[in-house]
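Trainee: Fold the following for me, if possible:
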Amino acid sequence: MKRRTFISLVASAAAAPGMVLAAAPKMTVHKDPNCGCCAAWASAFGKAGYDVSTVNEADMDAVKVGLKVPSNLWGCHTAEVDGYYLEGHVPLDAAEKLLRERPPLAGLAVAGMPSGSLGMGNDPRASYDVMAVPRDGSAPYVYLAVRPS
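Mentor: Got it, this is the predicted structure:
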């Protein structure tokens, strides 16, 4: 894009009434240094516009315990974004819904490493649940059911 066109588009967007230019959500992904699927998951969020930083952790269990992620929902990696955690292979649409709606949750979790989930092959036949973990300590519940299309 030519510089003049870019400047014009930015100026038009800034001048539009009610237009809010949102900053990219900052995300920190905690992962095992030897895990490739974690890097693929983080990369997908980066391509979607998130400002992603990755931290290789020697003790992932300590990260999960520190964030109070229920152990039965532990996944591969743990991300922190805008006051929430994303545990495991949470899909983009679930994270975007969470950040848009801002429910009273500690975070979202996808237990284990479901085949076909984001970072694990993106198979349209994948089937798994994205669990919501309430801040108040009540029982997790299904936030989004991923089913074959």
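
Trainee: strands paired with the helix or strand where Ala79 lies, and their directions?
Mentor: For Ala79, the host element (DSSP states H and E) is strand 78-81. Strand 78-81 sits in its sheet next to strand 26-31 (antiparallel), strand 84-88 (antiparallel), going by DSSP bridges.

Trainee: Of these, which stretch is the most buried?
Mentor: strand 84-88 (a mean of 25; mean count of other C-beta atoms under 10 Å). For the C-beta atoms, the positions are set from N, CA and C on the backbone; glycine is no exception.

Trainee: Quick check: next helix or strand after it?
Mentor: helix 92-101.

Trainee: quick revisit: the strands paired with strand 78-81 into CSV, with extra columns for mean pLDDT and distance to Pro124?
Mentor: Listed next are the strands paired with strand 78-81 as CSV, based on pLDDT from 0 to 100; distance: least, C-beta to C-beta, whole Å:
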stretch, mean pLDDT, distance to Pro124
strand 26-31, 97, 24
strand 84-88, 98, 19
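
Trainee: okay if I get those strands as CSV plus distance to Ala62?
Mentor: Shown next, in CSV, are the strands paired with strand 78-81 (distance: least, C-beta to C-beta, whole Å):
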stretch, distance to Ala62
strand 26-31, 10
strand 84-88, 14
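
Trainee: and Leu118, which of these is closest to it?
Mentor: Of all the strands paired with strand 78-81, strand 84-88 sits nearest to Leu118, with 9.7 Å by C-beta to C-beta.

Trainee: Tell me what Gly112 is bridged to.
Mentor: Note on Gly112: beta-bridge partners by DSSP bridges are Gly75.

Trainee: now the helices for this structure?
Mentor: Secondary structure of the chain, counting by DSSP state H: helices at 3-15, 36-47, 60-66, 92-101.

Trainee: By mean pLDDT, show me the worst of those.
Mentor: Looking over the helices of the chain, mean pLDDT reaches its minimum on helix 3-15, with a mean of 40.

Trainee: Tell me which residues touch the nearest residue to Tyr143 once chain neighbours are set aside, please.
Mentor: Leaving aside its sequence neighbours, Tyr143 sits nearest to Ala132 (C-beta to C-beta, 6 or more residues apart in numbering; 3.7 Å). For Ala132, the contacting residues are 103, 105, 108, 140-143, by C-beta atoms under 8 Å, 6 or more residues apart in numbering.
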